[in-house]
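# Have a look at this prediction, sequence included:
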Amino acid sequence: MNITFCCTHTNPKAWLQALGAALPEHDITLWDAEAPHRNAAADAAIVWAPPQAFFDQQPTLKVAFNLGAGVDALLEKRLPPDLAVIRLDDAGMSVQMAEYVLQAVVRYFREFAAYEQDMRAGEWSFRRPRQRQDFTVGIMGCGVLGQRVAMALQHFEYPVAGWSRRPKVLSGVQMYAGDAALPDFFAACAVVVCLLPLTPETQHILCARNLKHLPVGSYVVNAARGAHLVESDLLALLDGGHLAGATLDVYTTEPLPEDHAFRRHEKITCTPHAAARTLRDASVVQIVGKLKQWASGTPAHQLPGYVDLARGY
Ligand code: NAP
Ligand code: GLV
């Protein structure tokens, strides 16, 4: 089997070494953008945000393993007919995302940033404890990451609400489903956490019209994709006092421009798309396992992480 590797913003050397060691019976090569004639026709690809030229030169590609959970950068391309797309299914990301969301929620709920500020100002003061039972954390997108985050929040006894496309039952979580339920879901949240895939339905879902359903003084965490958020709407709602603050990991433009208003806004905490990193060892184990299953005849649609292209995730 010919396997090609085409991952932007990724140093290929260590990946190719690890993949080659785990799949000695297969040819794994780095896709060469500069010399297209040198690229053999591949059966399978390992990709992250590949250029259109990659797919144009691989018209007979059968399966693409995405080196991340989100496939939005892949699905915006013209794909070969009958290509199956398989994404990373957790691979060590969900526990990282749980850590990320938990630290943002705890930091806001317990007002640790304010305590730190007071200390720097030479003060020794206390704030009235917030009521945990009134502090519902709402998770938009209750898939692999959202469910792990819900579990972590429940461990710290936060009331948890969830919003998904289709109705589902999660133990101890107040679930909402579908567009019609979004206003009621938002109205129930003290913090809303976006963990949705980016699709035409979810783009700009964090806009003023929707965010205004959050109670005054609520907090927003976006760790999914920058295009979920209308950045100017968030700034207006923060500056107008409807929202208390935000923790953001993802942005419309990445890297976040040096002069972007988010960088120095006192109510916004920014991280550089680092909430849940792709872990090489765990990802190689997962991709190699699925490649072997596929090579031995398991249909791609039966592999965990199979992406429904019509649905977009
Ligand atoms: P997933 O398992 O596919 O879960 C997606 C969830 O979103 C599902 O619960 C799905 O509902 C829900 N959903 C999709 N479209 C919806 C809609 N129109 N309305 C309501 N709910 C909708 O995905 P995941 O592995 O948890 O990953 C989620 C996203 O996190 C990725 O796509 C990626 O963009 C982002 N991510 C970010 C980082 C980071 O470091 N910042 C790292 C990894 C991933 P159903 O359950 O009804 O299908
Ligand atoms: C990271 O953002 C991912 O989608 O894995």
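That came through fine. Ligands and ions are numbered 1, 2, ... in the order given.
# right, is stretch 205-225 up against ligand 2?
No. Stretch 205-225 stays clear of ligand 2 (C-beta under 6 Å from any ligand atom), getting no nearer than 7.5 Å. All C-beta spots, glycine's among them, are computed from the backbone N, C-alpha and C.
# Can you check the distance spanned by that stretch, start to finish?
The first residue of stretch 205-225 is 11 Å away from its last residue (C-alpha to C-alpha, to the nearest Å).
# So for that stretch, mean pLDDT?
Averaged across stretch 205-225, the pLDDT comes to 98.
# so what's the spatially most central residue of the chain up against?
With distances taken as C-alpha atoms, centre = their mean, the chain has A224 as the residue nearest its mean C-alpha position (3.6 Å). Contact partners of A224, counting by C-beta atoms under 8 Å, 6 or more residues apart in numbering, are 70, 140-141, 194-198, 250.
# wait, what's in contact with the nearest residue to L88 once chain neighbours are set aside?
Nearest residue to L88, sequence neighbours excluded (C-beta to C-beta, 6 or more residues apart in numbering): A69, at 5.3 Å. A69 is in contact with 87-90, 93, 144-145, 276, counting by C-beta under 8 Å, 6+ apart.
# Also Y108?
191, 219, 244-245, 247.
# ok, which pair from those is furthest apart?
A244 and T247 (11.3 Å; C-beta to C-beta).
# between those two, what contacts are shared?
108, 219.
# follow-up on the earlier one: now the residue nearest to L88: which helix or strand?
Following DSSP states H and E, there is no helix or strand that holds A69.
# For it, give its distance to ligand 2.
As judged by C-beta to the nearest ligand atom, to the nearest Å, A69 and ligand 2 stand 4 Å apart.
# What pairs with whichever strand or helix holds A244, parallel or antiparallel?
Following DSSP H and E, one finds A244 within strand 243-248. Based on DSSP bridges, the pairing partners of strand 243-248 within the sheet are strand 218-222 (parallel), strand 268-270 (parallel).
# Where do the helices of the stretch 151-300 of the chain begin and end?
182-187, 208-211, 231-239, 261-264, 280-295 (DSSP state H, counting those that start in this stretch).
# and of the ones you listed, who's closest to D27?
Per C-beta to C-beta, nearest to D27 of the helices of the stretch 151-300 of the chain: helix 280-295, 12.6 Å.
# which outside residues touch that closest one?
So helix 280-295 is contacted by 1, 3, 14-15, 18-19, 22-23, 26, 44, 46, 63, 65, 67, 86, 88-89, 91-92, 300, 303-305 (C-beta under 8 Å, 6+ apart).
# Please pick the buried ones from the residues you listed.
Buried residues within the contacts of helix 280-295, counting neighbours by 16 or more other C-beta atoms under 10 Å: 3, 15, 18-19, 22-23, 26, 44, 46, 63, 65, 67, 86, 88-89, 91-92, 300, 303, 305.
# In helices, which of the residues you listed appear?
If you go by DSSP state H, the buried ones among the contacts of helix 280-295 have 15, 18-19, 22 in helices.
# Same list (those residues) but as JSON lines, adding distance to ligand 2 and pLDDT.
JSON lines is the format used below for those (distance: C-beta to the nearest ligand atom, whole Å; pLDDT from 0 to 100):
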{"residue": "W15", "distance to ligand 2": "15", "pLDDT": "98"}
{"residue": "A18", "distance to ligand 2": "18", "pLDDT": "97"}
{"residue": "L19", "distance to ligand 2": "18", "pLDDT": "98"}
{"residue": "A22", "distance to ligand 2": "21", "pLDDT": "97"}
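# which residues does L102 contact?
149, 152-153, 156.
# what about it, which SS state?
Secondary structure, DSSP: H, G, I helix; E, B strand; the rest coil: L102 is helix.
# Let me know the pLDDT of it.
Looking at L102, the pLDDT reads 98.
# How much space separates it from D233?
According to C-beta to C-beta, to the nearest Å, L102 stands 26 Å off from D233.
# and if you look at H155?
Taken as C-beta to C-beta, the span from H155 to D233 is 32 Å.
# okay, the two: which has more neighbours?
It is D233, of H155 and D233, that has more neighbours when counted by other C-beta atoms under 10 Å, with 18 against 10.
# nearest spatial neighbour of that one, skipping sequence neighbours?
A208 (4.0 Å).
# For the one you found, which residues are in contact?
A208 neighbours (C-beta under 8 Å, 6+ apart): 230, 233, 236-237.
# closest to ligand 2 among those residues?
Nearest to ligand 2 among those: V230, at 19.6 Å, using C-beta to the nearest ligand atom.
# Minimum distance to ligand 1, which residue of the chain gives it?
G143 (1.7 Å).
# What values do phi and psi take at that residue?
phi -100, psi -140 (degrees, to the nearest 10).
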